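Enquirer: The following comprises the amino acid sequence and a computationally predicted model.
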Amino acid sequence: MAIVQLRNDTEGRAYYRRKLAAGKTSMEAMRSLKRRLSNVVYQQMVKDARRMRTGPGGQAGATLQSSAAGSIPTASTSEKPLPGPAATHSRTPLLAAS
């Protein structure tokens, strides 16, 4: 986003040039521009969240509490005994080719 701001005649480009004129290196000026852009994006996200009245999860009605009915469900199948050893089946002997 910062690179695109520098390509065109935008507020970002003017900000970058002001930082260069103030004695910043090109890397420092770029870092400042990126920070400024991230602040603008974050503030817009906060405004949108307030406008839409979203919860902490970013969706309307989201809460930090679980909506599960109970705590950890129990698995009753592990409490049952195993059916016992498997029955052995004798194999049919292979017939010799004649």
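Expert: Nice, thanks for sending it over.

Enquirer: which residues in the protein form helices?
Expert: Applying DSSP state H to the chain gives helices spanning 2-7, 11-21, 26-52.

Enquirer: what's the second one packed up against?
Expert: Packing partners of helix 11-21 (3 or more Cβ pairs under 8 Å, 6 or more residues apart in numbering; DSSP states H and E): helix 2-7, helix 26-52. Heads up, the C-betas are built off the backbone N, CA and C, glycines and all.

Enquirer: contacting residues for Arg18?
Expert: By Cβ atoms under 8 Å, 6 or more residues apart in numbering, Arg18 lies in contact with nothing.

Enquirer: my bad, Met1
Expert: Per Cβ under 8 Å, 6+ apart, neighbours of Met1: Leu37.

Enquirer: Test for you: state the pLDDT assigned to it.
Expert: The per-residue pLDDT reported for Met1 equals 87.

Enquirer: Met52 now?
Expert: On the pLDDT scale, Met52 gets 78.

Enquirer: gap between it and Val4?
Expert: 27 Å (Cβ to Cβ, to the nearest Å).

Enquirer: just to revisit the earlier point, please convert the helices of the chain to CSV, extending it with distance to Pro85.
Expert: Shown next, in CSV, are the helices of the chain (distance: least, Cβ to Cβ, whole Å):
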stretch, distance to Pro85
helix 2-7, 69
helix 11-21, 75
helix 26-52, 61
